[in-house]
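A.B. asks: I'll drop the sequence and a predicted model, then ask my questions.
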Amino acid sequence: MKRESKINGFLLCIFVTILFLAGCMFMGQSFKMGTPIKEDMVKMIQPGKTTKEDIIQWFGIPNVIQKQGEEAASSKQGAMVGMMAPQFVYPSFDLFSSKHKITEDHRIYGYTFTKMEGQMVTVPIIGKQDMETKTDMLLVLVNEKTGIADDYIFRKENK
């Protein structure tokens with residue numbers, strides 16, 4: 001009887017181990033949102049000379065457009081970035097106000113490219129996800145009345 005109990009315990013242990021291992025999953029993940037912001041194109045921006053049309057031609061429709069005193073209006077792509085990436089993607093006029101007198105004609109055109117990479121390990125009941133998020137961000141201060149880009153800020157995290 002004791003021997004039969006040990007065998008049953010051993011079989012139960014093997015069954016639970018197989019069941020546990022069958023639910024394990026190791027997976028590498030990579031997500032990209034937005035269009036990569038090319039540094040050579042950013043260098044083409046000449047504050048006070050580059051037009052709004054140039055900016056849109058070079059970088060496409062902004063992820064975010066913001067007017068001072070209002071919340072940022074996001075395109076579909078911008079909404080996705082805002083949902084998945086850290087909230088800093090939404091621009092602020094404070095970044096430009098020390099150098100420029102901000103008027104009601106100014107808008108910030110925000111462009112972001114976010115890359116998330118990492119690994120996920122899942123076992124029954126327990127899971128672990130290890131992700132690294134890097135976001136490139138271009139903010140362009142545009143005067144809608146003149147159609148000119150007054151200034152810009154570029155931050156690159158992706159290599």
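C.D. replies: Perfect, I can see it now. Numbering: from 1, shown residues only.

A.B. asks: where does the protein have low pLDDT?
C.D. replies: Filtered on pLDDT under 70, the chain yields the residue ranges 1-6, 15-27, 71-91, 120-129.

A.B. asks: Just give me the neighbour total for E53.
C.D. replies: 9 (other C-beta atoms under 10 Å). To be clear about C-beta, it is placed using only N, CA and C from the backbone, and glycine gets the same treatment.

A.B. asks: ok but it is inside a helix, no?
C.D. replies: Yes. Under DSSP: H, G, I helix; E, B strand; the rest coil, E53 falls within a helix.

A.B. asks: Test my guess that it contacts V142.
C.D. replies: No. Look at E53 against V142 with C-beta atoms under 8 Å: they stay out of range, at 10.3 Å.

A.B. asks: residue boundaries of the helices in the chain?
C.D. replies: Per DSSP state H, the chain carries helices over the ranges 2-22, 39-42, 52-59, 76-84, 94-97.

A.B. asks: Show me what the third one is in contact with.
C.D. replies: Identification of contacts with helix 52-59 by C-beta atoms under 8 Å, 6 or more residues apart in numbering yields 35, 37, 41, 44-45, 62, 109, 111, 138, 140, 142, 144, 147-149.

A.B. asks: again, 10 Å this time
C.D. replies: 35, 37-38, 41-42, 44-46, 50-51, 62, 107, 109, 111, 138, 140, 142-144, 146-149, 152 (C-beta atoms under 10 Å, 6 or more residues apart in numbering).
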